[in-house]
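J.: the following block contains a protein sequence and its predicted model.
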Amino acid sequence: MASFGHFIKIEREKREWTQTDFGAKIGINSSAISRIENGTQKFSISKLKKLSEVFEINLLNLRDLFFADKFAREAYKYNCSENVFIVAESTTTYYKNINTKQGKLEL
């Protein structure tokens, strides 16, 4: 995958929607759609649920793509090594384990 904006463009074009058509469906003006697709504007997390409905794509999969793009952009921006992705995966596992342990009740 390229970027989240590129993903949106590909999905929109598969459906043969113009940026105006797509913008009306999701509640974003066409100039903002253009900026999102070319990467000069970020897609709003508050619109992910609507995007999943419009594209008929699983919300969890869409959220994964959104955050993967966001994380990759930050890692690139700060010139991180490839190791950052391994560390991030380990850290995610740590957070999941902490949250699971905190949810257990001992009687």
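T.: Structure's in. What do you need?
J.: elements contacting the host helix or strand of Ala72?
T.: Following DSSP states H and E, one finds Ala72 within helix 59-77. Counting contacts by 3 or more C-beta pairs under 8 Å, 6 or more residues apart in numbering; DSSP states H and E, helix 59-77 is packed against helix 4-14, helix 48-55, helix 83-102. C-beta coordinates here come from the backbone N, C-alpha and C atoms, glycine included.
J.: give the buried residues for that helix.
T.: Residues 62, 65-66, 69, 72 are the ones in helix 59-77 that count as buried (16 or more other C-beta atoms under 10 Å).
J.: for stretch 49-59, same thing?
T.: So, applying 16+ other C-beta under 10 Å, buried residues of stretch 49-59: 51-52, 54-55.
J.: stretch 35-52 now?
T.: Quick answer for stretch 35-52 (16+ other C-beta under 10 Å): 35-37, 43, 48, 51-52.
J.: which pair of those residues spans the longest distance?
T.: Arg35 and Ser52 (20.9 Å; C-beta to C-beta).
J.: now the most centrally placed residue in the chain. Nearest residue, chain neighbours left out?
T.: Centrality entry for the chain: nearest residue to the mean C-alpha point is Phe66, 0.8 Å, by C-alpha atoms, centre = their mean. In space, and not counting its chain neighbours, Phe66 is closest to Phe4: 5.6 Å by C-beta to C-beta, 6 or more residues apart in numbering.
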